[in-house]
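K.L.:
Model the structure of this input:
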Amino acid sequence: MLKKKTTLKFFIFCLLLISFNAFSQTEIYKTNLVFDDSQSQELFCSMAISDNKILLSANKDLYNINKDSLKIVWQTSPGMKSCNSLYFLKDTFLYSSYQNQVLRCSEYDLKTGAKVRDLLIESINSKPHFVGKMMYCTALFDGGKLMAYDLEENKVVWQKNIGHGADFQPIYLKDKIIANAEDENWFEIDYDGNFVKTKSKKHNYLDSTQIFIKNYKFLTHDGKEITHDFLKKNRLSNSDYKTKTSDTHTFILAEQQLLVLGKNKKKVLQLDLEKEFPTENFDQDAYGSILVIHPESIWFSYQNFLIHYDFINKKRLRKVDLTKWNPHQLLVENRTIWLISKNDAQLYTLDFEPDHQTAEMLAFKAKMDFERHRCYEPDKERIELMKAAQEKYRKESTK
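P.N.:
Here you go, the predicted model:
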């Protein structure tokens, strides 16, 4: 009886162990791209996902990978290596790379990878906004510019010289654009390129035109100004940070904390990341990003951890350790993790939460494996019956 209880406990332990591993991250795909030593020392990689297509920029080459079959559809070499972002249009995409030592933004066919044309601009510096045939963006075009670009005519309709303000993401509203003019200076302009007069008493000049400006770091989801003093009060003024907004909340992710703001800058959560997710070796260069926002929770990366956090109820929902892969870029889509590794510049696909059917299949397989290798206690009665049957067969065969 004791042996049966021990066997049962061992069986339960095996199932629990298998179940635990099934719900941890599992590597299900890895590219096998070949780089020479000089290329692999520094990463020039980025990726973007649209429908069932994954566009991967890896040093000198661009790849289109089918998300369902995980097979490379096409590969092309647009020029020298680049880590610029990829932006999707309807059947094409925009990408900037060095061609004959000159940085150029080009349009490529999404199905074939063939270049459709070169645009007049060098690179797109922030996420563009599309209205019909028009693209509004900050770009490099003989310096940093805010511009309206006609994609059908392939020409610049209007442009404003904003210098380093081109590195800041504009806010595209229904009837105007709020853009940065370097430092903490923000101005408003309509979609025809006319500066908007505001109640601000402060002025600045873009080229020779006087414009109305306001001084702040960025705006919240409901248009409230976040200033240096606000960040200092919340111990964020000396940190690099990333921001993202939903319809109801503003998220600020810094090196050591996550701040979530509600209506009128009301503090919903201020999470000490170092305390909540301690790590033995703090890496200043670890990939950190706000990945996915839900109405009550957020996915973000911190110190090679992928974290799902309920900011309303203030509790951790999931923590996935990605140290093995050392992410350079990370995307989360349902239960799938797509990441580019700093270790080898390869694209990995990880599955960290099997669906119910997959989990049941893994548990059933574990049970069958256990039963197949299980050692049973000898059945003496069965052995005696087999011996008697063999002896009877032997006697009858010798008659």
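
K.L.:
low-scoring pLDDT stretches of the stretch 1-150 of the chain, where are they?
P.N.:
Where the stretch 1-150 of the chain drops to pLDDT under 70, the residues are 1-24, 36-42, 81.

K.L.:
mind redoing it with 90?
P.N.:
Across the stretch 1-150 of the chain, the ranges flagged by pLDDT under 90 are 1-28, 33-45, 51, 58-61, 68, 77-85, 97-103.

K.L.:
go on, the stretch 251-399 of the chain?
P.N.:
For the stretch 251-399 of the chain, applying pLDDT under 90 flags the ranges 279-285, 334-335, 345, 351-399.

K.L.:
Where do the strands of it begin and end?
P.N.:
Counting by DSSP state E, counting those that start in this stretch, the stretch 251-399 of the chain has strands at residues 257-261, 267-272, 289-293, 297-302, 305-310, 315-321, 327-333, 336-341, 347-351.

K.L.:
Just send these back as a markdown table, with distance to Phe93 and mean neighbour count too.
P.N.:
In this view, the C-beta of every residue, glycine as well, is placed from N, C-alpha and C. As requested, the strands of the stretch 251-399 of the chain are exported to a markdown table (distance: least, Cβ to Cβ, whole Å; neighbours: other Cβ atoms under 10 Å):
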| stretch | distance to Phe93 | mean neighbour count |
| --- | --- | --- |
| strand 257-261 | 32 | 22 |
| strand 267-272 | 36 | 15 |
| strand 289-293 | 21 | 17 |
| strand 297-302 | 25 | 22 |
| strand 305-310 | 27 | 20 |
| strand 315-321 | 30 | 13 |
| strand 327-333 | 16 | 19 |
| strand 336-341 | 17 | 22 |
| strand 347-351 | 17 | 21 |
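
K.L.:
Output the ones you listed in CSV; the columns should cover distance to Thr245.
P.N.:
Output for those, formatted as CSV (distance: least, Cβ to Cβ, whole Å):
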stretch, distance to Thr245
strand 257-261, 9
strand 267-272, 13
strand 289-293, 8
strand 297-302, 12
strand 305-310, 17
strand 315-321, 21
strand 327-333, 18
strand 336-341, 23
strand 347-351, 28
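
K.L.:
Buried residues in stretch 143-163, which are they?
P.N.:
144-149, 151, 156, 159-162 (16 or more other Cβ atoms under 10 Å).

K.L.:
what does the domain assignment say about this protein?
P.N.:
Domain segmentation of the chain under the TED database yields 41-95+110-118, 119-215.

K.L.:
Which stretch among those domains approaches Leu339 most closely?
P.N.:
domain 41-95+110-118 (8.8 Å; Cβ to Cβ).

K.L.:
Now do the contacts for the closest residue to Gln210 other than its chain neighbours.
P.N.:
Nearest residue to Gln210 in three dimensions, chain neighbours excluded: His203, at 5.3 Å (Cβ to Cβ, 6 or more residues apart in numbering). With contact taken as Cβ atoms under 8 Å, 6 or more residues apart in numbering, His203 is in contact with 210-213.
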